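Asks: here is my input; please provide its structure:
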Amino acid sequence: MLSPRTSPTRDIVGLDGLWRFALDTRAPAEPWSARLDTPLEAPVPASYNDLFVDPEIRDHVGVVWYQREVRVPRGWAGQRVVLRFGSVTHAARVYVDDRLVAEHTGGYTPFETDLTDVAPPGTGFRLTVGVDNRLTNETLPPGTVTTVPNGRQRQSYLHDFYNYAGIARSVRLCSTPRTYIEDITVVTGREGTSGVVDYLVATVGDAEKVRVRAVDEAGATVAEAAGPDGSLHIENVTLWRPGAGYLYELVVELVDSGGELIDSYTHPFGVRTVEVRGTDFLINGEPFYFTGFGKHEDTPVRGKGHDDAYLVHDFQLLDWTGANSFRTSHYPYAEEVLDFADRHGIVVIDETAAVGLNLGVQGGLTGIPPTPTFAPENFGGVMGDVHAQHLRELIDRDKNHPSVVMWSLANEPASNEEGAREYFEPLVALARKLDPTRPLTYSAVMFATPQNDRIGDLFDVLSINRYYGWYLFTGDLDTAETYLEQDLRGWAERFDKPVMMSEYGADTQPGLHSVWDAPWSEEYQSDLLAMYHRVFDRIPQFVGEHVWNFADFQTSAGIHRVDGNKKGVFTRERRPKSAAFALRRRWQGLDGRKPGAPVPREG
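Replies: The predicted model follows:
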């Protein structure tokens, strides 16, 4: 799905701002049928949970309603009119006046609907969106909804971040010609000093001719071609590299038999290659070592609402620490984030919303007897089809981003349980069919060991989540170091693939200090990370380290959480803890050697 962009043939009207807002319990039976009678307004984009002081809104389980008035520009006469949502968490029903025009399930990928025959140029309409935040065993992430004695619904879920909901990304009204460019796929490679750009253009309507040209950052045309598919060769190509995000533009034009322009779309792209060879992860044929974080779309007040100010500041902090990468844990991030990563050379592991596919975690946290994760009544039924659709939408949206070097199919699934292989084999095959150019990974949970994991051989890179020294051997870093090294060497030796740490860390209360190994202190967080780094540097198959987490983030209430998860090396307000300075010394090479560099031989 192409991102909305203006062009000589396309226009955009932004619909962000304040919308009327109401809970379904306070709205009429058909809220779309008239103007919402409510004193509340909610900003778009933003999650609604933290905006209001009313606990009934924050804790609401079910549908909420957003509404605003929209006018289609009269200058769009003869054009196609499209309404596009960046995301709605987790399901949406969209009404234009009294007509249902779109439905979508999946809270982190975009969807759009054609309004050409519903809302003609020059007319206005009432736009109403029902947003459903409920998670079930047929959604990703999964969850359970129960009814409590007072008659209200209660939501529980298996992931450790707050279930923020709402219209979290931008809403736009877009115009395109009736004959238009529907999709573009770009795959890049190298031949010596030349870049090879294979392209495929999907069109709708009666286009006579497709023209394609590549333009460099100075605005010069460096290659041209004709036809809906083909190859461009860019001499003396400037590669997209980590830390140096050079982008070309692919200008695609549809023209009629007389050479008149019908539609035009400009798509940024970078020329780079990605490959796993043996136990190395290669970008442009050179070994790459991941340094960075698991992150969250999480900020005060906005929740998961996209915010450009936080986007810029977070990337500044990534650069300050020396991080070269991050994982979109545990869902696809806003398109603006990946666009920014493209421009600034930050490497991204792009993850689906498949977090919580592990009922053993529930047993460990609550004492509830575990039940088989992939049993038909749990996640072994329709969930595979739901997961496949999430994967399709993720790859369809993000396939052309040079910053995205690997797809992560799930976080901490029950890969040690019976049924895991039968569940993941079709998903791996689908991912390779949709995009044969990028490696695949998943993040392994503590319960999955080198001995009992059933799916590691299906993937290209082993990403391991481990919390020795925190959940296990708390406060005993010496013992934790022994078990960590044993564990990681087991993965490397069994599978003979690149291994990286996709999560490791410790909850840390900012301002708490101690001269001892005191969990929750800033010193303990730094010492724990240093212990992990010693182990990483001793394992030759290791290709990266992503600390959990970049910044503190909100979670559901629980006795093991105090106002959220505190494993961030920055606070939720982005103030550094001591560990941030320790990571900066390591990742910037201020301690004498950057991670991933060859270890000097003794003698």
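
Asks: in the stretch 101-250 of the chain, where is pLDDT below threshold?
Replies: Using pLDDT under 70 as the threshold, the predicted model of the stretch 101-250 of the chain has no low-confidence range.

Asks: the chain now?
Replies: Answering for the chain: the residues below the bar, that is pLDDT under 70, span 362-368, 597-603.

Asks: just give me the residue right at the centre of it.
Replies: When CA atoms, centre = their mean is applied to the chain, the residue found nearest the centroid is residue 332 (2.2 Å).

Asks: hang on, that one in a helix?
Replies: No. Remark: residue 332 does not belong to a helix; assigned using DSSP: H, G, I helix; E, B strand; the rest coil, it is coil.

Asks: so it sits against residue 395, correct?
Replies: No. Using CB atoms under 8 Å, residue 332 is not in contact with residue 395; the gap is 10.0 Å. For the C-beta atoms, the positions are set from N, CA and C on the backbone; glycine is no exception.

Asks: hmm, back to that, skipping adjacent residues, who's closest to the residue nearest to the centre of the chain in space?
Replies: Of all residues beyond its chain neighbours, the one nearest residue 332 is residue 108 (4.6 Å), with distances taken as CB to CB, 6 or more residues apart in numbering.

Asks: what is the burial count for that neighbour?
Replies: Residue neighbour count, defined by other CB atoms under 10 Å, stands at 28 for residue 108.

Asks: what residues are up against it?
Replies: Listed by CB atoms under 8 Å, 6 or more residues apart in numbering, the contact partners of residue 108 are 87, 89, 331-333, 353.

Asks: please apply the same query to residue 524.
Replies: Taking CB under 8 Å, 6+ apart as the contact definition, residue 524 lies against 475, 506, 508, 514, 517-518.

Asks: hmm, 7 Å instead?
Replies: Applying CB atoms under 7 Å, 6 or more residues apart in numbering, we find residue 524 in contact with 506, 517-518.

Asks: on contacts alone, who are the packing partners of whichever strand or helix holds residue 203?
Replies: Assignment of secondary structure by DSSP states H and E places residue 203 within strand 194-204. Packing contacts for strand 194-204, counted by 3 or more CB pairs under 7 Å, 6 or more residues apart in numbering; DSSP states H and E, involve strand 180-191, strand 209-215, strand 229-234, strand 248-255.

Asks: list the buried ones in the last one?
Replies: The one in question is strand 248-255. Residues 248-255 are the ones in strand 248-255 that count as buried (16 or more other CB atoms under 10 Å).

Asks: distance to residue 563 added to those, as CSV?
Replies: What follows is the buried residues of strand 248-255, written out as CSV (distance: CB to CB, whole Å):
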residue, distance to residue 563
248, 45
249, 45
250, 46
251, 49
252, 49
253, 53
254, 54
255, 58
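
Asks: ok, those vs residue 348, which is closest?
Replies: Within these, proximity to residue 348 (CB to CB) peaks at residue 248, which comes in at 18.9 Å.

Asks: tell me who's in contact with that closest one.
Replies: If a contact means CB under 7 Å, 6+ apart, then residue 248 has 214-216, 269, 271 as its contacts.

Asks: in JSON lines: the residues you listed, plus neighbour count and distance to residue 227.
Replies: JSON lines is the format used below for the contacts of residue 248 (neighbours: other CB atoms under 10 Å; distance: CB to CB, whole Å):
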{"residue": "214", "neighbour count": "24", "distance to residue 227": "15"}
{"residue": "215", "neighbour count": "17", "distance to residue 227": "18"}
{"residue": "216", "neighbour count": "16", "distance to residue 227": "22"}
{"residue": "269", "neighbour count": "22", "distance to residue 227": "18"}
{"residue": "271", "neighbour count": "25", "distance to residue 227": "20"}
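
Asks: the residues you listed: which two are farthest apart?
Replies: Comparing all pairs in those by CB to CB, the longest separation belongs to 215 and 271, at 13.0 Å.

Asks: what distance do you get for residue 120 to residue 266?
Replies: As judged by CB to CB, to the nearest Å, residue 120 and residue 266 stand 28 Å apart.

Asks: ok, now residue 234?
Replies: Residue 234 sits 16 Å away from residue 266 when distances are taken as CB to CB.

Asks: higher neighbour count, these two?
Replies: Between residue 234 and residue 266, residue 234 has the larger neighbour count (other CB under 10 Å), namely 19 against 16.

Asks: thought residue 223 was touching that one, still the case?
Replies: Yes. Residue 234 is within contact range of residue 223, at 5.1 Å (criterion: CB atoms under 7 Å).

Asks: shared neighbours of the two, which are they?
Replies: Residues within reach of residue 234 and of residue 223 at once, by CB under 7 Å, 6+ apart, are residue 214.

Asks: so which bits of the helix with the most length in the chain are buried?
Replies: Selection of the longest helix in the chain by residue count, based on DSSP state H, yields helix 477-495. By neighbour count, and taking 16+ other CB under 10 Å as the criterion, the buried residues in helix 477-495 are 477, 480-481, 483-485, 487-489, 491-492, 495.

Asks: again with stretch 551-566
Replies: Of all the residues in stretch 551-566, those buried under the rule 16+ other CB under 10 Å are 551-555, 564-566.

Asks: do you have the helices of this structure handy? List them.
Replies: Counting by DSSP H, the chain forms helices over residues 55-58, 308-321, 335-344, 359-366, 383-398, 420-434, 477-495, 522-536, 578-587, given from the N-terminal end onward.

Asks: columns distance to residue 76 on top of the ones you listed, output as JSON lines?
Replies: What follows is those, written out as JSON lines (distance: least, CB to CB, whole Å):
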{"stretch": "helix 55-58", "distance to residue 76": "36"}
{"stretch": "helix 308-321", "distance to residue 76": "27"}
{"stretch": "helix 335-344", "distance to residue 76": "23"}
{"stretch": "helix 359-366", "distance to residue 76": "50"}
{"stretch": "helix 383-398", "distance to residue 76": "25"}
{"stretch": "helix 420-434", "distance to residue 76": "33"}
{"stretch": "helix 477-495", "distance to residue 76": "55"}
{"stretch": "helix 522-536", "distance to residue 76": "54"}
{"stretch": "helix 578-587", "distance to residue 76": "49"}
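
Asks: that older thread, what's the distance between the residue nearest to the centre of the chain and residue 311?
Replies: When CB to CB is applied, the distance between residue 332 and residue 311 equals 15 Å.

Asks: likewise for residue 470?
Replies: If you measure residue 470 against residue 311 using CB to CB, the figure is 29 Å.

Asks: returning to what we had before: contacts for the longest helix of the chain, please.
Replies: 449-450, 456-457, 462, 464, 466, 468-469, 473, 499, 517, 527-528, 531-532, 534-535, 538-539, 541.

Asks: same check on stretch 412-427?
Replies: By CB under 7 Å, 6+ apart, the list of residues contacting stretch 412-427 reads 354-355, 357-360, 372-374, 380, 384, 387-388, 391, 409, 442-445, 447-449, 452-455, 458, 465.

Asks: let's see that with 6 Å instead.
Replies: The list of residues contacting stretch 412-427 from outside it, by CB atoms under 6 Å, 6 or more residues apart in numbering, reads 357-358, 360, 373-374, 380, 384, 387, 409, 443, 445, 447-448, 452-455, 465.

Asks: of those residues, grab the buried ones for PyMOL.
Replies: For anyone working in PyMOL, the buried entries among those, judged by 16+ other CB under 10 Å, can be selected with:
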select buried, resi 357+358+360+373+374+380+384+387+409+443+445+447+448+453+454+455+465
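
Asks: coming back round to it: alpha carbons only: can I get the strand holding residue 203 in CSV?
Replies: In CSV, the C-alpha atoms belonging to strand 194-204 read as follows (Å, rounded to 0.1, in the frame of the first residue of the first chain):
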residue,chain,number,x,y,z
SER,A,194,26.6,0.1,-10.2
GLY,A,195,23.2,-0.1,-8.4
VAL,A,196,20.5,-2.4,-9.9
VAL,A,197,16.9,-1.4,-9.1
ASP,A,198,14.3,-3.9,-10.1
TYR,A,199,10.8,-2.3,-10.0
LEU,A,200,7.2,-3.5,-10.4
VAL,A,201,4.4,-1.0,-10.9
ALA,A,202,0.7,-2.0,-10.4
THR,A,203,-1.9,0.2,-12.0
VAL,A,204,-5.6,0.5,-12.2
